[in-house]
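Colleague: fold the stuff below for me.
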Amino acid sequence: MKTAVGWQIDDKVLHMFALVSEGITAATEAFVGVDVEAARRLVADDPFIDELQSRIETLVEQRLLSGEAIQPRDARSMLAVLRIVPELERAGDLVEHIALRTPQRLAAEIPPASRAHLEEMGRVAAEMWRLAADAFADTDSSAAERLRRRDDSLDDLHVRLTEELAASDISVAMAMEMGLVARFYERLGDHAVNVARRVHGDAPPQAPVTA
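Modeller: You can find the predicted model right below:
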């Protein structure tokens with residue numbers, strides 16, 4: 001049976017998941033709608049994710065070093081948490097990176113089709129993080145494969161958006177900035193897949209994703 005500390009750790013991890021998935025949706029809406037004030041609020045909230053990560057890691061370390069008997073299953077679960085929360089923190093940073101580019105009004109300058117693809121990337125990425133949260137909560141061993149398939153869809157959108165931007169008449173500087181934004185979404189998908197793989201202590205991919 002899970003201890004009170006174990007439930008506390010899980011609750012905080014799920015809170016981080018919610019902040020990431022909700023942040024992706026909010027950052028996408030702010031970026032596409034050029035809502036600078038909403039983007040600033042997202043940037044201001046980013047340190048809270050960092051604080052949650054620190055609290056979770058402290059709780060896990062205290063439990064592992066407490067000297068109390070720990071069941072192997074609980075130990076594996078806590079080690080998985082130590083691998084997962086850095087992925088969540090990096091995802092939070094990516095959300096912040098999208099929000100930070102909202103004041104440049106890039107979305108107002110790109111073709112409507114490109115905006116639509118960007119919105120779809122945001123929708124898919126947020127959905128992937130909700131699925132990853134469910135995988136963590138339910139210790140769902142099948143989630144990694146489902147997320148990998150969704151990540152393929154996100155990669156396809158990334159390619160199509162990049163091709164559209166290259167064929168448009170926007171400036172090179174603007175195209176480069178939009179390429180970065182598209183890459184942020186693509187990385188968000190990669191991190192979600194990594195999290196699902198780590199839920200059961202699976203080995204990380206050969207080339208771990210960094211924010």
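Colleague: SS state for Glu22?
Modeller: With DSSP: H, G, I helix; E, B strand; the rest coil as the basis, Glu22 sits in helix.
Colleague: tell me which residues touch the residue nearest to it when sequence neighbours are not counted, please.
Modeller: Leaving aside its chain neighbours, Glu22 sits nearest to Ala126 (7.8 Å; criterion: C-beta to C-beta, 6 or more residues apart in numbering). Every residue, glycine included, has its C-beta placed from N, CA and C. Contact analysis of Ala126 by C-beta atoms under 8 Å, 6 or more residues apart in numbering lists Ser21, Glu22, Ile24, Thr25, Thr28.
Colleague: could I get those residues as CSV with distance to Ala132, pLDDT and neighbour count?
Modeller: Compiled in CSV, these are given as follows (distance: C-beta to C-beta, whole Å; pLDDT from 0 to 100; neighbours: other C-beta atoms under 10 Å):
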residue, distance to Ala132, pLDDT, neighbour count
Ser21, 8, 97, 23
Glu22, 13, 97, 16
Ile24, 12, 98, 30
Thr25, 15, 98, 17
Thr28, 17, 98, 24
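Colleague: including distance to Ile56, could those residues go into a markdown table?
Modeller: Formatted as a markdown table, the contacts of Ala126 follow (distance: C-beta to C-beta, whole Å):
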| residue | distance to Ile56 |
| --- | --- |
| Ser21 | 17 |
| Glu22 | 18 |
| Ile24 | 20 |
| Thr25 | 23 |
| Thr28 | 26 |
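Colleague: where does the residue nearest to Glu22 fall, secondary structure wise?
Modeller: Applying DSSP states H and E as the criterion places Ala126 in helix 112-138.
Colleague: would you indicate which residues of that helix are buried?
Modeller: By neighbour count with 16 or more other C-beta atoms under 10 Å, helix 112-138 contains the buried residues 114-115, 117-122, 124-133, 135-136.
Colleague: how close does the residue nearest the centre of the chain sit to Val34?
Modeller: Centroid-nearest residue in the chain: Ala91, 3.5 Å away (criterion: C-alpha atoms, centre = their mean). From Ala91 across to Val34, the span is 23 Å (C-beta to C-beta, to the nearest Å).
Colleague: these two touch, right, Asp190 and Arg150?
Modeller: No. With contact defined as C-beta atoms under 8 Å, Asp190 does not reach Arg150; the gap is 11.4 Å.
Colleague: these two: who's more crowded?
Modeller: Using other C-beta atoms under 10 Å as the criterion, Asp190 and Arg150 rank with Asp190 on top: 23 against 18.
Colleague: in what helix or strand does that one lie?
Modeller: helix 172-198.
Colleague: tell me what angle that helix forms with helix 112-138.
Modeller: Here the directions of helix 172-198 and helix 112-138 differ by 20 degrees (axes from the mean of the first three to the mean of the last three C-alpha atoms, to 10 degrees).
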